[in-house]
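> Starting from these lines, generate the structure:
(2 chains)
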Number of protein chains: 2
Amino acid sequence: MNLTISSVKALTFDVFGTVVDWRGSLIREGKQWGKTKGIQVDWPRFADTWRNGYRPMLDRVRRGELPWMNLDRLHRLLLDPLLSEFGMVELSEAEKDHFIRIWHRLEPWPDSVAGLRRLRKKFMLATLSNGNIALLADMAKRARLPWDCILSAELAKHYKPDKEAYQMAAELLGLAPPEIMMVAAHPNDLRAAQSLGFKAAFVARPLEWGAHTPDPVPDSGFDVVAGDFGDLATKLGA
Amino acid sequence: MNLTISSVKALTFDVFGTVVDWRGSLIREGKQWGKTKGIQVDWPRFADTWRNGYRPMLDRVRRGELPWMNLDRLHRLLLDPLLSEFGMVELSEAEKDHFIRIWHRLEPWPDSVAGLRRLRKKFMLATLSNGNIALLADMAKRARLPWDCILSAELAKHYKPDKEAYQMAAELLGLAPPEIMMVAAHPNDLRAAQSLGFKAAFVARPLEWGAHTPDPVPDSGFDVVAGDFGDLATKLGA
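Predicted coordinates:
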């Protein structure tokens, strides 16, 4: 382990894409639901369209064009146009709720739970996700993600990569930024954390957007670059 | 289980006194520290004086006479006069830090961990404590308290029994108040939660203030009255 990261006491994790496979989970749940309903939908495109709709909406909240709302509410706002686009009309409110809550039931990457268990022996582990607290707590309970603490952009009422989200985490953990390492599969999240003094670990998740997406090129400016959570644990001496 | 509590999905727990034995823990740590230092202190009185100083200070924050500060900072503010009162002068900053952090190392009552493990199979378990997030996360990690989620008055910047603390918990859990049961050894905490629509479970902790304190008389207005966390799990069908 290099010297610059020996000060690290806590790891904060991006969740969607980094810890859980949102795309695979949405596709699996969608297919299952479609089968019981006898409905044919292009579920990979459905998943990508929903996820792609999220970023511009979130940016509108970040710019103050929309009032603060948590991720469940953002997902709800995106759902009706999405359902229309895919010809899925006449869903009941209960069915819509079921769709929103797919995000509470996302499944971890195969290495996530075992890697987190190793890391937890050495570090305080917290989420630092744009997902809301209820979503993250439901997900953790179901998937047995061993967090010490669930932190969310919801607590700062500022979505990542706004600086307030990272500052909130440092304040609530009672740690200085260099004592915290942000872990993510997304360079922009890591760079925002680094600009506030956090350490950064990039974990490659080449399958986040499906099998054919090229692996993002890891930035040489990150403190650790890992292939998965097992590799991250090894590189951090856990 | 009676019908009025069949709607409950999450339990929120008071922590100091209800989950952990703050007094016994402070006395044990104090004695140990005193032995290594060769210092004689009346540790039971020290513990009680520190804890008794907390409520008026916290009420000053609640009334706006002091700015918001989290419990670590309140404990730090109380420490210097306390040390003077007990003739413990000339402590280094590191030793003072060590004292503040005793509150992060409080030990659970003997039934707490096993009872929480049973309850967790049926309910979402969250803290709802006046302790700050870092304190609660450190305590949980050390004592293996199996929380699904750590919530604190710190997130509302309002100490219990201010209504904002309970409202924050309902909002972050994404639940309506009748879906949440507050668990505490303190009637005032339970009554504040009930006034907002929470269910309430009183757990007797007759040793909180030492062996000779009379057991508080349980209020007949609570939904459940339990002798310890095992009894609570049984009464809630967990």
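
> A:Glu95: neighbouring residues, count only.
Using other CB atoms under 10 Å in any protein chain shown, A:Glu95 has 13 neighbouring residues. In this view, the C-beta of every residue, glycine as well, is placed from N, C-alpha and C.

> swap that for A:Pro110, sorry
Neighbours of A:Pro110 under the rule other CB under 10 Å: 12.

> Just confirm it is within a strand.
No: with DSSP: H, G, I helix; E, B strand; the rest coil as the criterion, A:Pro110 is coil rather than part of a strand.

> how about it, what does it touch?
Applying CB atoms under 8 Å, 6 or more residues apart in numbering or on different chains to A:Pro110 gives no contacts.

> Next one: it relative to B:Val183, how far apart?
Distance of A:Pro110 to B:Val183, given as CB to CB, to the nearest Å: 36 Å.

> Kindly report the same for A:Ala169.
From A:Ala169 across to B:Val183, the span is 28 Å (CB to CB).

> buried stuff in the lengthiest helix in chain A?
Identified as the longest helix of chain A according to DSSP state H is helix A:43-62. Of the residues in helix A:43-62, A:43-44, A:46-48, A:50-51, A:53-54, A:57-58, A:61-62 count as buried by neighbour count, 16 or more other CB atoms under 10 Å in any protein chain shown.

> Can I get these in CSV including pLDDT and distance to A:Leu71?
Listed next are the buried residues of helix A:43-62 as CSV, based on pLDDT from 0 to 100; distance: CB to CB, whole Å:
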residue, pLDDT, distance to A:Leu71
A:Trp43, 96, 21
A:Pro44, 96, 22
A:Phe46, 95, 18
A:Ala47, 95, 16
A:Asp48, 94, 17
A:Trp50, 93, 12
A:Arg51, 92, 12
A:Gly53, 89, 12
A:Tyr54, 88, 8
A:Met57, 92, 10
A:Leu58, 91, 8
A:Val61, 94, 10
A:Arg62, 92, 13
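
> between those, which is nearest chain B?
For the buried residues of helix A:43-62, the minimum distance to chain B (CB to the nearest CB) is 17.1 Å, reached by A:Val61.

> isn't the closest one right next to A:Met69, touching?
Yes: between A:Val61 and A:Met69 there is a contact under CB atoms under 8 Å: 6.7 Å.

> Contact partners for the residue lying farthest from the centre of chain A?
Here chain A reaches farthest from its C-alpha mean at A:Gly38, the gap being 31.1 Å by CA atoms, centre = their mean. Applying CB under 8 Å, 6+ apart to A:Gly38 gives no contacts.

> For it, give its distance to chain B.
Distance, A:Gly38 to chain B, by CB to the nearest CB, to the nearest Å: 31 Å.

> where does that residue fall, phi/psi-wise?
phi 70, psi 30 (degrees, to the nearest 10).

> what's A:Ala169 in contact with, if anything?
A:Thr12, A:Ala126, A:Leu128, A:Leu151, A:Ile180.

> Also near chain B: which of these, exactly?
Counting by CB under 8 Å from any CB of the partner chain, A:Ala126, A:Leu151 from the contacts of A:Ala169 sit close to chain B.

> Take the contacts of A:Ala169 and write them to a markdown table, including pLDDT, secondary structure and neighbour count.
Shown next, in a markdown table, are the contacts of A:Ala169 (pLDDT from 0 to 100; DSSP: H, G, I helix; E, B strand; the rest coil; neighbours: other CB atoms under 10 Å in any protein chain shown):
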| residue | pLDDT | secondary structure | neighbour count |
| --- | --- | --- | --- |
| A:Thr12 | 98 | strand | 26 |
| A:Ala126 | 98 | strand | 23 |
| A:Leu128 | 98 | strand | 32 |
| A:Leu151 | 98 | strand | 26 |
| A:Ile180 | 98 | strand | 27 |
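
> Count the residues that sit near A:Leu83.
Neighbour tally, A:Leu83, other CB under 10 Å: 19.

> helix, strand or coil for it?
Recorded secondary structure, A:Leu83: helix (three-state DSSP).

> With A:Ala201 as the reference, measure out to the nearest residue in space to it that is not next to it in sequence.
In space, and not counting its chain neighbours, A:Leu83 is closest to A:Leu91: 6.2 Å by CB to CB, 6 or more residues apart in numbering or on different chains. To A:Ala201, A:Leu91 is 40 Å away according to CB to CB.

> of those two, who's got more company?
Per other CB under 10 Å, whichever of A:Leu91 and A:Ala201 has more neighbours is A:Ala201, with 24 against 15.

> Specify the beta-bridge partners of that one.
A:Val183, A:Val224 (DSSP bridges).
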